[in-house]
Structure formats: structure tokens, C-alpha cells
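Asker: Build me a model from this:
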Amino acid sequence: MTQIIILPHVELCPEGAVLDAAPGTTLCDALLNNDIEIEHACEKSCACTTCHVVIREGFTSLGEAEELEEDLLDKAWGLEPTSRLSCQAVVGQTPLVIEIPKYTINMVKEGHSKK
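Answerer: The predicted model follows:
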């Protein structure tokens, strides 16, 4: 199992979290499996940016992003050089520290009021 440290996020994980994920699991699935309800509007099909995360430690251990993911990341709020779509980033053997950005750009979100 690989350790993943989630930095505090006001809404999704106020205290932060430490979790374990099996290598080969996507970051999105690891988060969802541990009750961290990260958005994934396209149902993890690499068609939006709502599951965008920033890898603070362990970035080089992840496989390279494919061109489609890179193109989508260009549209993500708060893009950084170590940004990935969590639905595409696959956990390896190296521990990770990730940050979930404060905002997402969700063109299809319905039924939620703006704050």
C-alpha cells in the first residue's frame, strides 16, 4: 500500500487526511474510497477538470500525463506545474502529498447555489 497525505481542504477534508492506496489505483478512486468526495463530473473519463489536484510531493513517481489530460489541465483553475487530473494519475509505490484546489470549473454542475 502507498501512503497518500491529503492537505486540508475547507469543504472536502477540513482536517486533511492520511490514507493508503493500492498501487495501480487512480488518485480519484483512492480519495472516493476514503470518503473524500472530490468532484468528478465526467465520471472519471478524462473529459473535464473537476478532479484536478496538485501533487506537492511524489510528482515524478506518477506516469506522464497523456496529451488529452494535458489539454484539459490547461483549463483547470489554479493550474501548477505539478497539476494532474486525479482520475488519470495512477498511484505507484512512492508516497504522495496532494492538495485539492479550492475551486473547480464545472460547466455541468446543476442544483447548487453559488456562494
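
Asker: Let me see the ranges of the strands in this protein.
Answerer: 2-6, 17-21, 52-57, 83-85, 96-99 (DSSP state E).

Asker: and the fourth one, what's its mean pLDDT?
Answerer: Okay, so that is strand 83-85. Averaged over strand 83-85, pLDDT sits at 97.

Asker: How about residues contacting it?
Answerer: Applying CB atoms under 8 Å, 6 or more residues apart in numbering, the contact partners of strand 83-85 are 27-28, 46, 49, 51-55, 59, 62, 65, 69, 72-73, 76. For glycine as for every other residue, the C-beta is placed from the backbone atoms N, C-alpha and C.

Asker: What about those, which are in helices?
Answerer: Mapping the contacts of strand 83-85 onto helices (DSSP state H) picks out 27-28, 69, 72-73.

Asker: Buried ones among those residues?
Answerer: For those, a burial check counting by 16 or more other CB atoms under 10 Å picks out 27-28, 69, 72-73.

Asker: export those to CSV and tack on distance to residue 15 and pLDDT?
Answerer: Shown next, in CSV, are those (distance: CB to CB, whole Å; pLDDT from 0 to 100):
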residue, distance to residue 15, pLDDT
27, 19, 97
28, 20, 97
69, 29, 97
72, 30, 94
73, 28, 95
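
Asker: just the ones in helices among the contacts of strand 83-85 now: which is nearest residue 98?
Answerer: For these, the minimum distance to residue 98 (CB to CB) is 6.6 Å, reached by residue 27.

Asker: doesn't residue 91 make contact with that closest one?
Answerer: Yes: Residue 27 lies in contact with residue 91 (CB atoms under 8 Å); the separation is 6.4 Å.
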